[in-house]
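Enquirer: here is a sequence with its predicted model. Questions after.
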Amino acid sequence: MPAEIIVIDNNSADESIEYLSPAFPGVKFIANKENTGFAKACNQGLKLAAGKYVLFLNPDTLVPEDCFVKCIDFFESHADAGALGVKMLDGRGRFLRESKRAFPSPITSLYKLFGLSKLFPRSKIFSKYHLGNLDENKVNEVDVLAGAFMMVKREVLEKVGSFDEIFFMYGEDVDLSYRIQKAGYRNYYFADSAIIHFKGESTRKGSMNYVRMFYNAMSIFVRKHYGKGRAGFFNFLIHIAIWTRAVLSATGRFIRKIGLPVIDAGVILLCFWLVKNIWLIWVRPETEYDQRLLWIAFPAYTVFFLITAYYAGLYDRWYKRTELISSMLVATVCLLAAYALLPERFRFSRGILLFGSVLAFMTISVLRWILIRTGVLSYIKGKNDKATTLIVGTEDEYYQVARLMKDAGLHEKIMDRVAIEENDISSVGQMKNLQQLGKTIPFREIVFCEGKLSFSKIIESFQHLPGNISIKFHASYSRSIVGSDSKNTSGESVSAENGFNLSDPYKKRLKRLIDIAISLIGIISFPLQLIIVKNPVQFFVNCISVLFAQKTWIGYATGEKKLPHLRPAVIASNGVVASVNQPLPPESLQMLDYWYARDYEPSADLRLLWKMYRKLGG
């Protein structure tokens, strides 16, 4: 159809404009020097628009090819329609309830605040905010449309005005929907077309920033459109909600960043104390242990466990059960081995160590389960190195995706191809039989290729897949694969740019451990370094800087921003002291840094440190 596309970039920091502009010469790009907010940016685009219908669309969406035609046909057949929104799905095909909403009110906010809307999702009373009683698969008149996809007649916008710029983010769609309805037009939820809205890109839904922005937006709306009495009560509820979520958010943040190791330490000490008492009462009542020894041994094991757990990744942002098991197993085996080497007078009981570890593992597992269920921790399944990915597309599209995954270091995950045409027998199966394939093939991820296959067909198909299957999408001629498994967190992409070993948290921790170890060795043996190292005073300064995370021993030769972040280097990745003039041209140094980040192994750092040890003082 004849149409125009206007993209407003709100000061993004990922060079989006430079990347997209040459690829889409027919699109009008506007680059703002600052983040002006959603409402202001939409109005900025509206001033440049000339169409009879105006669509406000979020960038984190995938839209089927026939969507706009269907929407305009609906407008043409419904003269009373002022604005229209469509059915929105998240990255796994689950319906997003904000596709249809009622206007906020004190009572609906109360139901939402106390969780009644979640307990009774289909109730006309308790789930009024998301209009839970209305069938999501049927066209309905609604109060509020989502700004993520909001199509409005130009004549309506000229009459009621566009977005109110007092709203920075959230609430502006509620306000515009209210004014459209008040002017005598109707807002329609159009269920005959569905889009994918990945969400989680602007703000994380569970974050305190989201809570503050969302409820403040609701407060502005109520003050603007409701009477003083209702507005006062509503704002009272809003402040209760904000303070409640603030306390919960602060508690969760403390547990995730600081409190989790402290809690684990308390749990381990408690478990050893309980096992010791049970051991003395039921197993060895005649034995007496030196209390001073226990006061040393139990904390020593606890510290040992916490260090092991940290380097196994137990305190990463995402919780993995495999890391808890490996942390406990390694710590227990090492402690029992060290225990066996101790002189007899320092030993107390292998049984207490073993059963204390088992009880601690069980207790920490239960505690993690509680924290996951309450939303304090996020859970992902352990890494699976087996082939688990099916690629749905033609043979050419399969090879395009395979190359992208190879560049990102993920080619070993590819299992096979699923054909989109029935007469294609060179694949593991056909797209129409995806559900049946799941019963015979142990795949955990599907990459849909748009090209020969339309987004309309993809969106229609992926809604019927099991909920435990991860879905990703590759658009024709793009150089990436995108997807999002949760509406509460940012999505992920697969491309050549993110296939870096140095991005792996485990390897980053090992790199930091090497930095700390070399620095401590250098400081402790400093008198010896006066003979070995050139410029020993600067070497000592470097040891202090690296120890306190101001520098890293081995790092980049250039300041390339597209690579995983590293602190300033003492020795560059090409084996030259970073503070001296490099003998190679910038292009060569950038390529060396790229290879260093992509292929990083801790052993490479150790070899280079051994080779350059005398020059670690610069």
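Expert: Looks like it came in fine. Numbers count the residues shown, from 1 in each chain.

Enquirer: quick one, strands of the stretch 351-500 of the chain?
Expert: For the stretch 351-500 of the chain, the strands defined by DSSP state E, counting those that start in this stretch cover 378-379, 389-392, 414-419, 429-430, 445-449, 470-474, 481-483, 492-494.

Enquirer: so what's the residue lying closest to S503 once chain neighbours are set aside up against?
Expert: Setting aside the residues directly before and after it, S503 is nearest to P564 in space (Cβ to Cβ, 6 or more residues apart in numbering), at 4.8 Å. The way it works is simple: take the backbone N, C-alpha and C, and place the C-beta from them, glycine included. Taking Cβ atoms under 8 Å, 6 or more residues apart in numbering, we find P564 in contact with 500, 502-503, 508, 597.

Enquirer: I'd like to know which of these are part of helices.
Expert: Using DSSP state H, the subset of the contacts of P564 located in helices is 508, 597.

Enquirer: which of the helices and strands in this structure ranks last by mean pLDDT?
Expert: Across the helices and strands of the chain, mean pLDDT, DSSP states H and E gives its lowest value to strand 318-319, namely a mean of 58.

Enquirer: follow-up on the earlier one: quick one: which of the strands of the stretch 351-500 of the chain is nearest E460?
Expert: For E460, the closest of the strands of the stretch 351-500 of the chain is strand 445-449, at 11.1 Å, according to Cβ to Cβ.

Enquirer: who are the packing partners of that closest one?
Expert: With contacts defined as 3 or more Cβ pairs under 8 Å, 6 or more residues apart in numbering; DSSP states H and E, strand 445-449 has these neighbours: strand 389-392, helix 395-407, helix 455-462, strand 470-474.

Enquirer: most tightly surrounded among these?
Expert: strand 389-392 (a mean of 26; mean count of other Cβ atoms under 10 Å).

Enquirer: coming back round to it: now, which of the contacts of P564 sits nearest A102?
Expert: Of these, the one sitting nearest to A102 (Cβ to Cβ) turns out to be S503, at 43.5 Å.

Enquirer: tally of neighbours for that closest one?
Expert: Other residues near S503 come to 16 when the count uses other Cβ atoms under 10 Å.

Enquirer: ok, it to A340 distance?
Expert: Applying Cβ to Cβ, to the nearest Å, the value for S503 to A340 is 39 Å.

Enquirer: and A194, bridged to which residues?
Expert: K87 (DSSP bridges).

Enquirer: next, count neighbours for it.
Expert: Using other Cβ under 10 Å: A194 sits among 24 other residues.

Enquirer: what bits of the stretch 351-500 of the chain have low per-residue confidence?
Expert: 374-387, 409, 411, 485-499 (pLDDT under 70).

Enquirer: repeat that with 80
Expert: Applying pLDDT under 80 to the stretch 351-500 of the chain flags the ranges 351-353, 357, 368, 371-387, 407-412, 438-439, 467-468, 485-500.

Enquirer: then the stretch 1-150 of the chain?
Expert: 13-15, 104-118, 129.

Enquirer: how about the strands in it?
Expert: Going by DSSP E, counting those that start in this stretch, the stretch 1-150 of the chain shows strands at 6-9, 28-31, 53-57, 61-62, 81-89, 140-142, 149-153.

Enquirer: which residues in the stretch 251-400 of the chain form helices?
Expert: All helices of the stretch 251-400 of the chain, identified by DSSP state H, counting those that start in this stretch, fall at 260-278, 291-312, 321-341, 350-373, 395-407.

Enquirer: wait, which of those helices is closest to G26?
Expert: That would be helix 395-407 among those, by Cβ to Cβ, at 23.4 Å.

Enquirer: and the angle for the closest one with strand 470-474?
Expert: 110 degrees (axes from the mean of the first three to the mean of the last three Cα atoms, to 10 degrees).

Enquirer: surely P64 and L453 touch.
Expert: No: the pair P64 / L453 is not scored as a contact, 11.5 Å apart, by Cβ atoms under 8 Å.

Enquirer: just put the strands of the stretch 1-150 of the chain in JSON lines and tack on mean neighbour count and distance to R512.
Expert: Formatted as JSON lines, the strands of the stretch 1-150 of the chain follow (neighbours: other Cβ atoms under 10 Å; distance: least, Cβ to Cβ, whole Å):
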{"stretch": "strand 6-9", "mean neighbour count": "18", "distance to R512": "35"}
{"stretch": "strand 28-31", "mean neighbour count": "14", "distance to R512": "37"}
{"stretch": "strand 53-57", "mean neighbour count": "20", "distance to R512": "42"}
{"stretch": "strand 61-62", "mean neighbour count": "16", "distance to R512": "38"}
{"stretch": "strand 81-89", "mean neighbour count": "25", "distance to R512": "40"}
{"stretch": "strand 140-142", "mean neighbour count": "17", "distance to R512": "52"}
{"stretch": "strand 149-153", "mean neighbour count": "24", "distance to R512": "44"}
